[in-house]
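Chemist: Provided below are the primary sequence and the corresponding predicted coordinates.
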Amino acid sequence: MDSVNEWLLTWGDNLWTWIVLPVVVGLGIYFTVRSGVVQFRLIPDMFRTLTDKTPQTDSGEPQSISAFQAFTISAASRVGVGNIAGVGTAIAVGGPGAVFWMWMMAFVGGASSFIESSLAQLFKVRDADGFRGGPAYYMERGLKARWLGVWFAVILIVCFPFAFSSLQANTISATLTSSIGGDVPWLPWAIGVGVAVLTGLVVFGGVRRIAHVTQVLVPIMALAYLLLGLVVVALHLDRVGPVFAEIFTSAWGFNEVVGAAFGYIILTGVKRGMFSNEAGLGSAPNAAASAAVTHPVKQGLVQTLGVYFDTFLVCSITAFIILVSVPDLAGAERGIGLTQGALVSTLGAWSNIALSVIIFLLAFSSILGNYYYGQSNIQFITKRRGVLTAYRVLVVGAVLVGSVAGADLIWNFADGVMGLMALTNLIAIGLLSGIAFRLLKDYTRQRREGRDPVFTRALMPDVTGIECWADEASVTGPIYVHPTGGHTAKGRDGLRAPR
């Protein structure tokens, strides 16, 4: 088993180092230039569209989940234990300079996230809960390659709802067992059963229940972790300036941790950044497609904001907790232990319990986000309800087994599979990016005209495979009978002119 684990680790590292990361960085720079640095230029629009009113159906119900709910589902998957353990590992291995390259990866990756999520919105389809879509759907409808979509869907299902969710459950179990402090053989099983039951209660309720849970959990966990981090920084205020200096100087190979060469600092920061914010990976578009918005670009912008939320806020909090508390990183412990040690050394033993609660929220919300990604791709492969039910049961089972199983082999397997998933998605969005740039051009044109942008497929008559976006009335809201006998389309801006 050790030899298999070693082979998976070597295979995954080589795939990411020599193939995936160059493609990620190269395409990210290309998208940045072609879009006119959309990830910076339209930051105000990111916040504006996050709170957009959700278009309604004829019965007055939301057409699907809101833009904000789609943001929280993707954030639930993005923001996980990796934001604590992954950042700790990056700093222990690559030094403070790795944080700079994580930031750079988030900025460049923001353009990739914009492209993939805009495409997911364009090629989304209707279902009983509203909308669904993602890379598998734009591979089938945009590239006319269903086989590629099925390949991507299978990889994602193996990687996210099964492998990664079992690992999140494992982290919950290990953290709570450590906090309780008892060497009780049945305790991991008890924790596993509890987490599995909670997961089942949510996932069997469908996407709307997942959205309702994540829109509560994500802000709570972010605020709690932010407050904890701010307290640590406030107690080491004299270290903030030197830490910023260390991050920027170490990024270029100066004052790096012993053994961390310049190239390895970059590689560590970029790789951990990609793992954390998932920009270009092909996971977040599954959440982006589920939102009811009036223009595909709106979810492209919202999901770019999700990348920033993950890296510039949550990952940065972890980085500063560590760097202001642990001035000497030589021989530092990797992973979550470095963050725990930094907290306890500053705030005392109670902070370990607080961190355990935050980790539970992080990991559990990730399980829910991962589950939804898998559901969307199960429904792409087959529409048989029995298969979806079996999938839900298996996910709950994976959470239970993950709570008591070893993690190393699963981590190394999932990392390699995720590299294949990222490569497949990046090729697809590279080929379809021209359509996304046209969407952006249409969005900015309407904004210049002072309008709330509304997209219909008549604006791109040459693009086939678009199921939704039939006309303005269906996009913005229902058609109401006017008292004078005419009819009007009621959308976000109220009643429009009679037709």
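Modeler: All right, it came through fine. The structure displayed is predicted, hence computed values, not measured ones. Residues are numbered from 1 along each chain as shown.

Chemist: Show the model's pLDDT score for the most centrally placed residue in the chain.
Modeler: Closest residue to the average C-alpha location of the chain: Arg78 at 3.3 Å, with Cα atoms, centre = their mean. Note on Arg78: pLDDT of 78.

Chemist: any idea how far Leu440 is from it?
Modeler: As defined by Cβ to Cβ, to the nearest Å, Arg78 lies at a distance of 23 Å from Leu440. Quick note: C-beta positions are derived from backbone N, CA and C, even for glycine.

Chemist: With Val417 instead?
Modeler: Noted for Val417: a distance of 32 Å to Leu440, by Cβ to Cβ.

Chemist: so Gly341 sits right up against Val326, yeah?
Modeler: Yes - here Gly341 reaches Val326: they are 7.3 Å apart, a contact under Cβ atoms under 8 Å.

Chemist: can you pull the contacts of the residue lying closest to Lys298 once chain neighbours are set aside?
Modeler: Counting by Cβ to Cβ, 6 or more residues apart in numbering, Lys298 lies nearest to Thr49, which is 4.2 Å off, once chain neighbours are set aside. Counting by Cβ atoms under 8 Å, 6 or more residues apart in numbering, Thr49 makes contact with 67, 293, 298-299, 301-302.

Chemist: Test my guess that Ala470 contacts Arg457.
Modeler: Yes - the pair Ala470 / Arg457 is scored as a contact, 6.7 Å apart, by Cβ under 8 Å.

Chemist: Give me the more crowded residue out of these two.
Modeler: Arg457 (17 against 12; other Cβ atoms under 10 Å).

Chemist: so after the helix ranked longest in the chain, what's the next helix or strand?
Modeler: As assigned by DSSP state H, the longest helix anywhere in the chain is helix 408-448. Where DSSP states H and E defines the elements, the next helix or strand beyond helix 408-448 is helix 472-476.

Chemist: distance between that next one and the chain's centre?
Modeler: Chain-centre distance of helix 472-476: 28 Å, with Cα atoms, centre = their mean, to the nearest Å.

Chemist: ditto for stretch 34-52
Modeler: Centre-to-centre, stretch 34-52 and its host chain are 17 Å apart (Cα atoms, centre = their mean).

Chemist: so how far does that stretch reach from one end to the other?
Modeler: 27 Å (Cα to Cα, to the nearest Å).

Chemist: just use 435 as the starting number from now, easier for me
Modeler: OK, 435 is where the count begins now, so the last one is stretch 468-486.

Chemist: Just the buried residues of that stretch, please?
Modeler: Neighbour-count burial for stretch 468-486 flags 468-469, 472-473, 476, 479-480, 483-484, 486 (criterion: 16 or more other Cβ atoms under 10 Å).

Chemist: Stretch 440-450 now?
Modeler: 442-443, 446-447, 449-450.

Chemist: Stretch 564-580 now?
Modeler: For stretch 564-580, using 16+ other Cβ under 10 Å, the buried residues are 564-577.

Chemist: Tabulate those residues in JSON lines, adding columns for secondary structure and pLDDT.
Modeler: Converted to JSON lines, these look like this (DSSP: H, G, I helix; E, B strand; the rest coil; pLDDT from 0 to 100):
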{"residue": "Gly564", "secondary structure": "strand", "pLDDT": "83"}
{"residue": "Phe565", "secondary structure": "strand", "pLDDT": "90"}
{"residue": "Arg566", "secondary structure": "strand", "pLDDT": "90"}
{"residue": "Gly567", "secondary structure": "coil", "pLDDT": "93"}
{"residue": "Gly568", "secondary structure": "coil", "pLDDT": "93"}
{"residue": "Pro569", "secondary structure": "helix", "pLDDT": "96"}
{"residue": "Ala570", "secondary structure": "helix", "pLDDT": "96"}
{"residue": "Tyr571", "secondary structure": "helix", "pLDDT": "96"}
{"residue": "Tyr572", "secondary structure": "helix", "pLDDT": "96"}
{"residue": "Met573", "secondary structure": "helix", "pLDDT": "97"}
{"residue": "Glu574", "secondary structure": "helix", "pLDDT": "96"}
{"residue": "Arg575", "secondary structure": "helix", "pLDDT": "96"}
{"residue": "Gly576", "secondary structure": "coil", "pLDDT": "96"}
{"residue": "Leu577", "secondary structure": "coil", "pLDDT": "96"}
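
Chemist: Cheers, nothing more for now.
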